[in-house]
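> Everything below, folded, please.
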Amino acid sequence: MTDMLPGLQTENADLKSEIERLKAVNKIALMLGTTLDFDAFVDQLIAAIADYAGCERVIILVPGDQDIMLEYGVSNFRLPASDKQAALESLRIPLYQADDHSIISSWMRGESVLVERGDTAASANVWLVESLASQHFFTCPLRFDGQLIGLAIIDNVASGTPLHNAQCEALRTVAESAAVALQNARLHRRTVLELADNMREMYILRQIDRELNDTIDLTHVFHMTLDWALRFTNAQYASLALYSEDSDSLRFMVEYGYDQPSDKLAAIRNEYGAGVTHRVARSGHAEVVPDIATDPDFVRLAANVRSQLSVPVMREDRVIAVISLESRKLNGFTDNHLDFVAKLATRAGVAIDNARLYEESIREREKLSHILSNTADVIIVIGADDRLLLINQSALGAMHLYPNENYLGRSIFDSFDNEAFLDAYRRAKATGESVTEEIVMPSERIFYANVRIHESIGCIIVMHDITPFKEMDKLKSELIATVSHDLKQPLGVMNGYVELLMMQQAVSPQGLNHIQMIRRAVQNMRQLIDDLLDLTKIEAGIKLDLQPVPINSVIVDCLESLRPTAQNKQMTIISDVHETMPQVIGDKSRLRQVLMNLIGNAVKYTPPEGWVKVTAESRGNTLRLAIQDNGLGISPEDQIHIFDRFYRVRRPETDSIEGTGLGLAIVKSLVEAHHGQIGLESRLGEGSTFYLTLPLAG
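Got it, this is the predicted structure:
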C-alpha cells in the first residue's frame, strides 16, 4: 500500500496537469472564437500564445491572396532597427516547389521545427534567421483539413533564454484550436472582401449603366468604356476596335496610353496584323495572355508590355467590337478583371448598338428630309389628334403657307382653310378607308389627292399636281365633243339611206343580213358618240340634281330591268339590300346609270348559270355598295387600267361581248361627282367585286 502511494501521486499530478492544460486550451479556443474579424483575431491569437506558452515574442505568418505563399501577418514586437523591421514585414515564403528536406516541406507535412543556435537547421535557413533576427526559435504550422493555413513562431530573444520543451509543447497544444479559429477568420475575411468587391462592382456597373444610358454619341461611348476598363484593371494601355465580320477587318476607334501616334500604330498593324485582338474577334471568345512572350500572334505596340486581356463585344451572337487591355505586369490580369471587362463589354455592346442605330436613324431622317424637300408632290402626315407631323416644301407652296414658319404640332384645322381638302380628310378619318379625289388649291391649280389612314401613324396625304393634264384633257374633251357632234350628221344620213334602200329596193336575204350589220355598226357608233358626249359633260362639271335618294328602290329598278337578260343565261340575281337602308345624297337618274352599268357588266361577263349579288351596308356617314359575281374575273394587269377610257379586257372569252370601253370611265366620273369612291377586287376564274361608297343623307 505504501509502495503504491508515490505512483498514485504521480498519476494524480499528471492528470491534474492534463486537466489544467485542457482548461487552458478550452479557454483559448473560447477566447479565439469570440471574434471573426481577421485583424482582431490574429492580435488575440498572439496574446493567447504568448500568455499560454510563456514566451516573449510571437510572430504569425498567414497565407497571401492566392494561397501560394506565407507572408508576415502580425507580431507582438518591433525590431529596433527600421531596416530589420521592414525586412520582417516584407517576409514572403513561397509554398510551391519546396525541397522535400526543407523546413517549408516540414511545415506542409504538419511538423513543428525548433531552430537552435549553431545547428544545421539554422545554417540551412539563414534567410529565415536573418528575417527574424533570432537564431533560437520554434516554428509550429497551423493546418486545417491537411492544408497549411498559417505559421506561429515563438522565441525569447529579448532575455536570451532558450526555449524549453514546455513552451514548444504548449504551442503545439493550442495549434489545432488556433488553426480552426484562424480558418474561420480567414473565411469570414474572404466573404467580407468578396461582398465588398461585389458591392463595389455593382456600384461601378450601375454608374456605368447610368453614364452609358445618358449618351448616344458613339465616340463618347468608346472613350467611356475604355476609361472604366482602365480604372478597374489598372492596365496601362487600352484600345477599342470595331469588327466587320463581312470583311474580317478591325477598325480601331480609340487608343489609350501608347506613346506612338495613331497613324504609326495603324502602320504597325497593317504590316504585322492585329494579333491577339483579331484572333478574339474571329473566335468570339475572350482571352487572357499572362505572358505575351509565349504568344506568337502578339504584336508589340509598346516596349514594356508583359500581358494582355482581350474581350469581344457581342450583339445577337456576332462580334461587333473588341476591347483590348495591356499591362506592364507579368500575369497582370485576374479572373475578376476578365469578369468585369466581360460585363462592361455587354453593356458597351448595347450602348454601341443604340448609338449606331441612332446615328443611322439621323442619317436616314436627313436623307428623308432631303427627299421630301425636293419632291414636287405634296406630302402631309397628320397624327391621330389632327396635328401635323410632317409637311414638305411643296405642300407649303400649294397651301399658300409661310415657308419659314414651323407648322409641326399645329392642328390642321388651324393651319389650312381649304374646305375641299379638309372634307376629304374628315371622310377618310370617319370611314377608315382611302379617299382619292381632285382638289382645287387657292392657286387655282388642281391636285389629285390620295388620303390614306394608317393606324400606327395617322393620316398620310399625297397630292400630285395634275393641272397640265387637266388642261390637256379639257382640250381633248372639247375636240372629242366637237368631232362627236359632227359625226352624228353623217351617221344620220347613213341610217336614212339604209331605211330608204329597204323601202324602195327588194333585198335578198344575204343583202338583208348585210344591211342589219350596217345598222348594228351605225348603232354602235352612235352609242360610242353618246358615251363620249356624256363623259365630256360629266368631266366638264355636269350639274347634278342632288337630293335624298332611297338606294333600295334604285337597285330594285335596275335588277328588274336586267332580270330578263339574266334569265336568258339562267343566272341568279340576289339583292341583300334592306328597305330600311338609309338614303344617300345623289342624282337619282345618274345613280341608276351607275348601277345599271355595274350590274349589267356583272351579268354580261358572268357565264350561264352563274350568280350576281348586290349588298349594302352603312359605314359612318357613307353607304358602301358591293356588286359581286362569280364570273370570269379580271387579271391584276387589267385591273390597273379598268377605269381608263376605251380600255377593254382582251381575252378569248370576252371577244364576243360588245362594248365601247367607256362605261366604267363614266361610272368612275359620276361616282366622284357624287363625292364617292369606287374600287375593285377580282381574281381570274373566281369573279369580281366592285365597291362603291356614297355619302349618306344628313
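> Could you measure from the closest residue to residue 619 other than its chain neighbours over to residue 451?
Beyond its immediate neighbours in the sequence, the residue positioned closest to residue 619 (CB to CB, 6 or more residues apart in numbering) is residue 431, lying 5.5 Å away. (Each C-beta comes from the backbone N, C-alpha and C, glycine too.) When CB to CB, to the nearest Å is applied, the distance between residue 431 and residue 451 equals 10 Å.
> do residue 177 as well
On the measure of CB to CB, residue 177 and residue 451 end up 91 Å apart.
> Check residue 325 too.
When distances are taken as CB to CB, residue 325 and residue 451 turn out to be 59 Å apart.
> Repeat that for residue 550.
Between residue 550 and residue 451 the distance is 29 Å, computed by CB to CB.
> more crowded one of the two?
Residue environment comparison for residue 550 versus residue 451 gives the larger neighbour count to residue 451, 24 against 15, counting by other CB atoms under 10 Å.
> could you give the mean pLDDT of the strand or helix carrying that one?
Secondary structure assignment for residue 451, by DSSP states H and E: strand 446-454. Per-residue confidence for strand 446-454 averages out to 89 on the pLDDT scale.
> That one: which residues count as buried?
Along strand 446-454, the positions that meet the burial threshold by neighbour count (16 or more other CB atoms under 10 Å) are 446, 447, 448, 449, 450, 451, 453.
> what does stretch 145-163 give?
Buried residues in stretch 145-163, counted by 16+ other CB under 10 Å: 148, 149, 150, 151, 152, 153, 154, 155, 156, 157, 163.
> list the contacts for residue 573?
Each residue near residue 573 by CB atoms under 8 Å, 6 or more residues apart in numbering is listed here: 559, 562, 563, 566, 599, 603, 611, 612, 613, 614.
> Distance check, the last one against residue 689.
Translated: residue 614. From residue 614 across to residue 689, the span is 11 Å (CB to CB).
> quick one: common contacting residues for the two?
Shared contacts of residue 614 and residue 689, defined by CB under 8 Å, 6+ apart, are found at 626, 627, 628.
> out of these, which are inside strands?
Among these, the ones falling in strands (DSSP state E) are 626, 627, 628.
> out of those residues, who has the most neighbours?
Counting neighbours by other CB under 10 Å, residue 627 comes out on top of those with 22 neighbours.
> So what are the sheet partners of the host helix or strand of residue 310 and their directions?
When secondary structure is defined using DSSP H and E, the element that contains residue 310 is strand 307-315. In the sheet, strand 307-315 lines up against strand 287-289 (antiparallel), strand 318-327 (antiparallel) (DSSP bridges).
> Please produce a markdown table containing the ones you listed, extended by distance to residue 463 and mean neighbour count.
Formatted as a markdown table, the strands paired with strand 307-315 follow (distance: least, CB to CB, whole Å; neighbours: other CB atoms under 10 Å):
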| stretch | distance to residue 463 | mean neighbour count |
| --- | --- | --- |
| strand 287-289 | 61 | 20 |
| strand 318-327 | 43 | 23 |
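> Dump these to a markdown table, plus mean pLDDT.
Compiled in a markdown table, those are given as follows (pLDDT from 0 to 100):
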| stretch | mean pLDDT |
| --- | --- |
| strand 287-289 | 90 |
| strand 318-327 | 89 |
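> show me what contacts residue 681?
Taking CB under 8 Å, 6+ apart as the criterion, residue 681 is in contact with 688, 689, 691.
> can you tell me the helix or strand for the second one?
Right, residue 689. Element membership of residue 689, judged by DSSP H and E, is strand 687-695.
> and that strand, what does it pack onto?
With contacts taken as 3 or more CB pairs under 8 Å, 6 or more residues apart in numbering; DSSP states H and E, strand 687-695 sits against strand 584-586, helix 588-604, strand 622-629, strand 677-683.
> most neighbours per residue, which of these?
Highest mean neighbour count of these: strand 584-586, a mean of 24 (counted as mean count of other CB atoms under 10 Å).
> Just give me the neighbour total for residue 397.
Close neighbours of residue 397, defined as other CB under 10 Å, add up to 15.
> Wait, it touches residue 403, no?
Yes: with contact defined as CB atoms under 8 Å, residue 397 reaches residue 403; the gap is 7.4 Å.
> what's the lengthiest helix in the chain packed up against?
When secondary structure is assigned using DSSP state H, the longest helix within the chain turns out to be helix 165-213. With contacts taken as 3+ CB pairs under 8 Å, 6+ apart, helix 165-213 sits against helix 5-32, helix 38-53, strand 57-63, strand 137-144, strand 147-155, helix 218-233, helix 335-373.
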